[in-house]
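J.: A predicted structure for the sequence below; I have some questions about it.
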Amino acid sequence: MPVPLELDDDRLLPVDPATRAVARDLYALVADLPIISPHGHVDPAMLLEDQPFSDPAELFITKDHYVTRLLHASGIDLASLGAGSTTGADPRQVWRLFAENWHLLAGTASGYWLTHELVTLFGIDVEPSAETADAIYDTIAERLTEPAYRPRALFERFGIEVLATTDDPMDDLAVHAALAADESFTGRVLPTFRPDAYLDPTAPGFRERIERLTASNQSAPDDFSGYLAALEARRAHFIAHGAVSADHGVVDPYTVDLSDDDAAALYRRAVAGELDAASAREFRGNMLLRMAGMSARDGLVMTIHPGVYRNHSSATFEGFGADTGHDIPVTTTYTQNLRPLLEKHGLDANLTLVLFTVDETVYSREIAPLAGFYPSVFIGVPWWFLDAPDAVLRFRSAVTETAGFYRGSGFIDDTRAFLSIPARHDMARRLDAAFLARLVGEGRLPRAQAERIAVDLVTTVPRKAFKL
């Protein structure tokens, strides 16, 4: 007998009836407000071309490392899931594997989001299983042929007001320009400047990237001033195409202030491939500080996403590529690491610095106190391994007493899985309603103020943090 797949109307709201009633009313205020998504990884070409999605497996499974990593952990080969660089996997068989192992996602954020998507978008009312896999696959596949399920129609249905992508500094942004010029598309899709591979001498292909970058402004590859000028020119190109932020995915948020001469000497050695690990860290640390200086000048919001050991499994990286589920969190510290940057730019009125972490211990110990003093510092909401219901509530408890509600970034979905965007934002709105309702119930917050905050958290707060 198939197990029903259902969404409780009061999901994620408090169990206590009185508090739940308040939370229900707060959630109702924000449930249908537009989505602001200022950081994510959706391919903008999908919206420009507006072609039907190919199949349910690609849409829900093969490109979602949240899902594939858990299945892999239970012994399912990534190749059989069509993950990463794998080609030739049969979509229906991929879906069957997923459905047969649906129970592995129980209690996870991914299971929660997928349930939301299956029920609200496709009307699926039974759990995926070996018995129901083909019927569910066929239902979704048939819907994907309908105009209402093309990317642009879903973009409008989701109520997305702003969607930011993540882009290489040398991207010509032609897709973004075409979307902006297309009068039939009314959405706002913004590029994000992501220069990591041009700032890290240990990144694969660093020399080749630098040659391409410096050639763009006719500088010599080993000319440090030309390198900086080329980076600033590319930032200007992004701003001209609507960018509001620059994103930095670093292992640790280490910064160091070096003289131009010392930095230039390090740079020449970096281009020549002569830096040891310690010197490479010094170069990265100095460039992260210089990126803050550029943000203070050109106004791009600077977001820092640190603390992840990328491609932890060498065999998986070699076989399937990056972003296939084997990135693992590491300890992060900000107070000491970021002090040189904040000493130089932290009080600059034109700098906005959003700090993220996947190390929960940092929220109350470092990020909230920093955001509670420096006008430039904002708190990045739970990201990646922490973007789950219980972790979000822990986050609110950890930062609110120190920094309040208005020093945050607003919710960040940080996803490649386009269909999960409304599910993730709805989750965040329900959890904020639950947290605010508890404060109301405890007599710590007037109800009228909670109502205002609930709305501000999805409107005013992200618009301020990302200068929208």
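T.: In hand now; what should we look at?
J.: Relative to I412, how far out is D9?
T.: To I412, D9 is 26 Å away according to CB to CB, to the nearest Å. For glycine as for every other residue, the C-beta is placed from the backbone atoms N, C-alpha and C.
J.: Those two: which has the busier surroundings?
T.: Between D9 and I412, counted using other CB atoms under 10 Å, the more crowded position is I412 (29 against 8).
J.: buried stuff in stretch 360-371?
T.: Judged by neighbour count using 16 or more other CB atoms under 10 Å, the buried positions of stretch 360-371 are E360, V362, Y363, S364, R365, E366, I367, A368, P369, L370, A371.
J.: For the fifth one, give me phi and psi.
T.: Its backbone dihedrals place R365 at phi -80, psi -40, with angles given as degrees, to the nearest 10.
J.: which residues touch it?
T.: The contact partners of R365, taken as CB atoms under 8 Å, 6 or more residues apart in numbering, are T335.
J.: State the distance from it to V392.
T.: 18 Å.
J.: same thing with the third one?
T.: Distance of Y363 to V392, computed by CB to CB: 11 Å.
J.: Show me the shaky parts of the stretch 101-250 of the chain.
T.: Scanning the stretch 101-250 of the chain for pLDDT under 70 picks out no residues.
J.: and the closest residue to R339 other than its chain neighbours, what element?
T.: Nearest in space to R339, with sequence neighbours left out and distances taken as CB to CB, 6 or more residues apart in numbering, is T255 at 7.6 Å. Counting by DSSP states H and E, there is no helix or strand that carries T255.
J.: so what's T255 up against?
T.: G285, N286, L288, L289, A292, N337, L338, R339, P340, L341.
J.: And the third one, how far from V377?
T.: In this structure, L288 and V377 are 14 Å apart, going by CB to CB.
J.: Could you do the second one as well?
T.: Distance, N286 to V377, using CB to CB: 20 Å.
J.: ok so, going back, tell me the one among the contacts of T255 nearest to R444.
T.: Nearest to R444 out of those is L338 (CB to CB; 31.0 Å).
J.: tell me the pLDDT at the closest one?
T.: The model reports L338 with a pLDDT of 98.
J.: who are the neighbours in contact with it?
T.: P253, T255, L355, L370.
J.: Please repeat the previous calculation with a cut-off of 6 Å.
T.: Taking CB atoms under 6 Å, 6 or more residues apart in numbering, we find L338 in contact with P253, T255.
J.: and T324, what are its phi and psi?
T.: Summarising the backbone geometry of T324 under the convention degrees, to the nearest 10, its torsions are phi -120, psi 30.
J.: Equivalent analysis for A180, please.
T.: Dihedral angles (degrees, to the nearest 10) for A180: phi -60, psi -30.
J.: Any idea how many residues pack against the residue lying closest to it once chain neighbours are set aside?
T.: Setting aside the residues directly before and after it, A180 is nearest to G242 in space (CB to CB, 6+ apart), at 6.7 Å. G242: 17 surrounding residues under other CB under 10 Å.
J.: quick one: R209 is in a strand?
T.: No - using DSSP: H, G, I helix; E, B strand; the rest coil, the assignment for R209 is helix, not a strand.
J.: quick one, what contacts it?
T.: If you count contacts by CB under 6 Å, 6+ apart, then R209 has A197, Y198 around it.
J.: let's see it at 8 Å
T.: Each residue near R209 by CB under 8 Å, 6+ apart is listed here: M170, A197, Y198, A203.
J.: Check A296 too.
T.: In this structure, A296 makes contact with H345, D348, N350, L351, judged by CB under 8 Å, 6+ apart.
J.: how far away is it from L351?
T.: 4 Å.
J.: ok, now R430?
T.: 33 Å.
J.: E156 now?
T.: For E156, the distance to L351 equals 35 Å [CB to CB].
J.: These two - which one has more neighbours?
T.: Neighbours were counted for E156 and for L351 using other CB under 10 Å; L351 has more, 25 against 13.
J.: got the contact list for that one?
T.: Listed by CB under 8 Å, 6+ apart, the contact partners of L351 are A292, S295, A296, M302, H345, S376.
J.: Which of the helices or strands spans the third one?
T.: Secondary structure assignment for A296, by DSSP H and E: helix 277-298.
J.: Quick check: what element follows that helix along the chain?
T.: Toward the C-terminus from helix 277-298 - assigned by DSSP H and E - lies strand 301-304.
J.: helices or strands up against the helix or strand that that next one is followed by?
T.: Read in the C-terminal direction, the helix or strand following strand 301-304 is strand 308-309, with elements assigned using DSSP H and E. The elements that strand 308-309 packs onto, with contact taken as 3 or more CB pairs under 8 Å, 6 or more residues apart in numbering; DSSP states H and E, are strand 328-329.
J.: what comes into contact with the strand it packs on?
T.: For strand 328-329, the external contacting residues (CB under 8 Å, 6+ apart) are G307, V308, Y309, H312, V358, D359, W384, F385.
J.: Tell me how far the residue nearest to the fifth one when sequence neighbours are not counted lies from V362.
T.: Okay, so that is V358. For V358, ignoring the flanking residues on the chain, the nearest one in space by CB to CB, 6+ apart is P329 at 4.1 Å. Between P329 and V362 the distance is 11 Å, computed by CB to CB.
J.: tell me which element the spatially closest residue to Y406 that is not a sequence neighbour is part of?
T.: Spatially, and ignoring its direct neighbours in sequence, Y406 is nearest to V461 (6.3 Å; CB to CB, 6+ apart). Secondary structure from DSSP H and E places V461 in helix 460-465.
J.: So which bits of that helix are buried?
T.: When burial is assessed from 16+ other CB under 10 Å, helix 460-465 yields the following buried residues: V461, P462, R463, K464, A465.
J.: Centre of the chain to it, how far?
T.: Taking CA atoms, centre = their mean, to the nearest Å, one finds the center of helix 460-465 at 16 Å from the center of the full chain.
J.: Check stretch 34-42 too.
T.: The gap between where stretch 34-42 is centred and where its chain is centred comes out at 8 Å by CA atoms, centre = their mean.
J.: That stretch: end-to-end distance?
T.: Taking CA to CA, to the nearest Å, the span from the opening residue of stretch 34-42 to its closing residue is 18 Å.
J.: Start the count at 804 instead of 1 going forward.
T.: All set: I'll call the first residue 804, so the last point we hit is now stretch 837-845.
J.: Run through who's touching that stretch.
T.: Residues outside stretch 837-845 that contact it (CB under 8 Å, 6+ apart) are 961-969, 993, 995, 1047-1048, 1050, 1106, 1212-1213, 1215-1219, 1221, 1224-1225, 1228, 1261-1262, 1265-1266, 1268-1269, 1271.
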